[in-house]
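In: A predicted structure for the sequence below; I have some questions about it.
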Amino acid sequence: MVIERPLRCDDSLQTLQALQSLGYVFHWQDDATIISEATREEIEPAVSINVGESGTTARLLTAVAALSPAAVTLSGAGRMLERPMQPLLDALQMLGVECSLNEGRLPIRIRGPLTRGGSVELDTSLSSQFLSALLLVAPCLEGGLQIHCRAPLSSLPYIHLTLQRMTEAGVEVHRHGPDFEVTEGPYRISSIRCEGDYSSVATLIAGALISGGQLDIGNLDPRSQQGDRTILTIAQGAGARVEWMAEDAVRVEGPSRPQAIDVDVADIPDLAPALAVVALFADQPSVLHNVERLRYKESDRLAAIIENVRLLGAQARLEGNSLWIEPGNLRPAQIVTRSDHRIAMSFALVGLRVAGVIVDDADCVGKSYPDFWRDLRRVLVPQTAAEVEPKRSGSCEASVTAISVRNSGLLPLASANLFAKNGADAGRIVLIGYRAAGKTSLAQRLSALLNWEHLETDALIEAACGLPIAAFVKERGWEAFRSRERDIVRELHDRRRVIIDCGGGLPEDECSMRLLAEGAAVIWVTAPADTIVGRLRASPHGRPALRGVEWERDVELTFAARQAVYERYAHLQVSTLLQSPDALARAIVNYLDGAV
């Protein structure tokens with residue numbers, strides 16, 4: 001079977017690794033395709049599987065592992081050790097599977113093989129994944145399986161997705177209210193193409209809502225069964241304009257200020273954090289209903305939302321099973337993610353409007369959206385016209401093709417504490433970025449606020465060679481300039497209490513960049529391409545183009561050549577588009593103080 005455009009995130013990779021442990025064979029044909037073999041390898045009599053923090057892997061693989069004759073031990077990490085498994089284990093025991101209960105939480109030990117079906121009851125009040133797990137293995141059982149759900153179905157859209165995929169694979173499944181009946185029979189499917197993920201892109205849609213910006217997204221199915229597709233309807237209700245531009249491309253234009261939200265999140269719990277952030281900027285208090293099940297996610301997500309809303313200076317209160325959020329005068333804060341990817345992604349959006357917002361454990365987004373920071377970065381670096389053409393994503397992520405929003409200008413690219421530690425210990429802050437991005441103005445303000453010396457590499461080079469840079473390059477060439485630049489960098493390496501304002505092209509010399517960044521706090525200063533072109537043309541210094549082409553093309557080519565270096569070395573990215581140098585400098589100093 002061929003699986004096209006799978007998402008390479010932590011949860012997906014954890015699931016594939018677990019399946020390998022059970023003898024299933026697959027390989028990556030390329031970055032966008034998985035080939036699953038029809039054969040299975042023999043496995044040891046006892047198998048241990050660590051599902052990490054993936055609830056999806058834990059629940060689905062528990063049922064799949066029951067099909068194996070091996071004794072399978074499933075363990076996990078972090079919050080997964082606290083999340084409930086009991087209803088699924090109870091159902092498997094009814095079917096004859098030996099389960100060590102461990103109070104209904106990981107680690108557990110199960111022993112099959114589960115071969116015969118029949119009838120089983122299932123408590124579905126805590127998670128739809130218990131039902132999906134049983135449905136997926138049901139066709140493999142002799143006589144099929146009848147499932148009676150004892151509680152109202154939670155997250156029903158996920159069940160619809162499971163049934164849709166099973167039906168597409170030739171499985172006969174019927175639903176009668178709370179009862180499901182699955183007929184014994186093989187899966188008959190040769191290929192699956194993964195849809196774009198509404199859950200991932202919903203966070204960025206929320207960003208457009210709170211900033212009044214425009215967001216273009218490709219690789220989305222307008223007829224998808226995904227429950228989180230509701231984000232488009234919610235966005236419209238909050239005042240956004242939503243327009244499908246093509247079969248799989250949609251544009252969202254945020255309002256000047258979002259209207260209050262009143263939403264039942266029982267079937268869309270993954271949207272709750274993003275909606276809570278939108279509520280912080282709404283015109284009136286907002287309410288999310290049926291929030292209790294948020295307590296059983298990757299974190300106690302309900303407690304995490306309330307905690308961070310209050311840290312930011314707004315009000316949050318529970319009334320029964322509903323969460324009310326009242327917007328207020330927001331303040332900078334360090335977001336407590338509790339290692340929850342959706343808390344990290346959602347509350348990072350506050351930084352689009354409030355300077356000095358810090359997100360701890362930023363890497364936790366890898367659980368579901370490894371490229372989240374890359375895509376959010378496009379908010380701070382608007383794309384050139386050539387870069388906003390519709391793109392086709394190589395995975396089931398929705399491809400973000402253009403973003404333009406108002407923002408505070410700061411985007412953490414690495415640990416806030418690492419940034420602060422380097423700045424304090426080395427006494428050195430390094431500013432990198434394209435020339436005319438605004439490095440010098442920002443460096444001057446930082447120098448004044450911190451009482452540190454401002455050193456400009458280009459000025460030091462001009463002083464050393466006795467010529468303006470334009471004249472030096474014309475006379476000696478760029479390579480001679482880079483050589484002189486390396487000499488200056490070596491002299492600066494051991495300086496303390498300095499703000500080093502780098503020439504725009506310094507990052508193209510890997511040796512210089514590595515030496516200068518060693519132990520320093522590095523800030524990547526950005527501005528839109530058209531803004532940079534305008535500044536360069538107006539420059540009295542007559543700075544030469546680097547590649548002998550028109551300025552617009554020169555900026556585009558040069559940025560493409562340097563972007564990977566910027567991203568590799570920078571701890572913090574700042575945009576000079578909408579914030580003054582004074583405001584940015586104060587935000588950076590607050591960021592340093594808050595991180596320490």
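Out: On my side now, so go ahead. Numbers count the residues shown, from 1 in each chain.

In: I'd say Leu302 and Leu288 touch.
Out: No - counting by Cβ atoms under 8 Å, Leu302 stays clear of Leu288, with 9.4 Å between them. Where you see a C-beta, it was placed from the backbone N, CA and C, and this is true even at glycine.

In: who has more neighbours, these two?
Out: Neighbour count, other Cβ atoms under 10 Å: between Leu302 and Leu288, Leu288 has more, with 27 against 23.

In: same for whichever strand or helix holds that one, what does it pack against?
Out: Following DSSP states H and E, one finds Leu288 within strand 286-289. The helices and strands touching strand 286-289, judged by 3 or more Cβ pairs under 8 Å, 6 or more residues apart in numbering; DSSP states H and E, are strand 262-264, helix 272-280, strand 322-326.

In: shared neighbours of Leu302 and Leu288, anything?
Out: Residues touching both Leu302 and Leu288 (Cβ atoms under 8 Å, 6 or more residues apart in numbering): Ala272, Leu323.

In: just to revisit the earlier point, now do the buried residues in the strand holding Leu288.
Out: Neighbour counts over strand 286-289 (16 or more other Cβ atoms under 10 Å) mark Ser286, Val287, Leu288 as buried.

In: Of those residues, which is the nearest to Ala63?
Out: Checking the buried residues of strand 286-289 against Ala63 with Cβ to Cβ, the nearest one is Leu288 at 31.1 Å.

In: so what's the nearest residue to the closest one once chain neighbours are set aside up against?
Out: In space, and not counting its chain neighbours, Leu288 is closest to Leu323: 4.7 Å by Cβ to Cβ, 6 or more residues apart in numbering. When contacts are counted by Cβ under 8 Å, 6+ apart, Leu323 touches Ala276, Val287, Leu288, Val291, Leu302, Ile305, Ile306, Ala316, Arg317.

In: can I assume the first one is in contact with Val309?
Out: So the one you mean is Ala276. Yes - assessed by Cβ under 8 Å, Ala276 is found in contact with Val309 at 6.4 Å.

In: circling back: and of the helices and strands packed on strand 286-289, who's closest to Asp487?
Out: helix 272-280 (48.3 Å).

In: and that closest one, average pLDDT?
Out: Helix 272-280 shows an average pLDDT of 97 in the prediction.

In: Report the angle between that helix and strand 322-326.
Out: 40 degrees (axes from the mean of the first three to the mean of the last three Cα atoms, to 10 degrees).

In: Helix 272-280: which residues count as buried?
Out: Residues of helix 272-280 classed as buried by neighbour count (16+ other Cβ under 10 Å): Ala272, Pro273, Ala274, Leu275, Ala276, Val277, Val278, Ala279, Leu280.

In: for the helices and strands packed on strand 286-289, which one sits closest to Trp28?
Out: With Cβ to Cβ as the criterion, Trp28 lies closest to helix 272-280 of these, at 30.9 Å.

In: which other helices and strands contact the closest one?
Out: Judged by 3+ Cβ pairs under 8 Å, 6+ apart, the packing partners of helix 272-280 are helix 198-211, strand 286-289, helix 301-311, strand 322-326, helix 341-348.

In: Which residues does that helix contact?
Out: Outside helix 272-280, the residues that touch it by Cβ under 8 Å, 6+ apart are 202-203, 205-206, 209-210, 231, 234, 238, 258, 260-261, 263, 265, 285-286, 288, 291, 294, 301-302, 304-305, 309, 312, 314, 316, 323, 325, 327, 330, 340, 342-343, 345-347, 349-350.

In: what does the helix or strand hosting Glu479 contact?
Out: Per DSSP H and E: Glu479 is located in helix 478-492. For helix 478-492, the surrounding residues in contact (Cβ under 8 Å, 6+ apart) are 455, 457, 460-461, 464-465, 469, 472-473, 498, 500, 503, 505-506, 508-509, 511-512, 515-516, 546.

In: shared neighbours, Ala276 and Val309?
Out: Joint contacts of Ala276 and Val309 (Cβ under 8 Å, 6+ apart) are Ala316, Ile325.

In: and Thr230, what does it touch?
Out: Neighbours of Thr230 in contact, by Cβ under 8 Å, 6+ apart: Ile268, Leu271.

In: quick one: secondary structure of it?
Out: Following DSSP: H, G, I helix; E, B strand; the rest coil, we place Thr230 in the helix state.

In: Centroid-wise, who is the farthest residue in this structure?
Out: In the chain, the greatest distance from the average C-alpha position (Cα atoms, centre = their mean) is reached by Gly466, at 48.5 Å.

In: For the stretch 401-550 of the chain, just list every one of the helices.
Out: 416-426, 439-450, 457-465, 469-476, 478-492, 510-517, 529-538 (DSSP state H, counting those that start in this stretch).

In: Most tightly packed of these?
Out: helix 439-450 (a mean of 20; mean count of other Cβ atoms under 10 Å).

In: who does that one touch, helix- and strand-wise?
Out: strand 428-432, strand 453-456, strand 498-501, strand 521-526, helix 581-595.

In: Residue ranges in the stretch 1-150 of the chain under the pLDDT threshold?
Out: 31 (pLDDT under 70).

In: Contacts only, for the most centrally placed residue in the chain.
Out: Geometric centre of the chain, nearest residue: Phe372, 3.0 Å, by Cα atoms, centre = their mean. Residues near Phe372 by Cβ under 8 Å, 6+ apart: Ser200, Thr203, Met345, Val365.

In: Thought Arg374 was touching the last one, still the case?
Out: No - here Val365 lies out of contact with Arg374, judged by Cβ under 8 Å, at a distance of 10.3 Å.

In: out of the two, which sits in the busier spot?
Out: Neighbours per residue, other Cβ under 10 Å: of Val365 and Arg374, the larger number sits with Val365, 26 against 12.

In: ok, the residue nearest to the more buried one when sequence neighbours are not counted to Pro273 distance?
Out: Spatial nearest neighbour of Val365, excluding adjacent residues (Cβ to Cβ, 6+ apart): Phe372 at 4.4 Å. Distance of Phe372 to Pro273, computed by Cβ to Cβ, to the nearest Å: 13 Å.

In: and what of Glu456?
Out: With Cβ to Cβ as the criterion, Glu456 and Pro273 are 42 Å apart.
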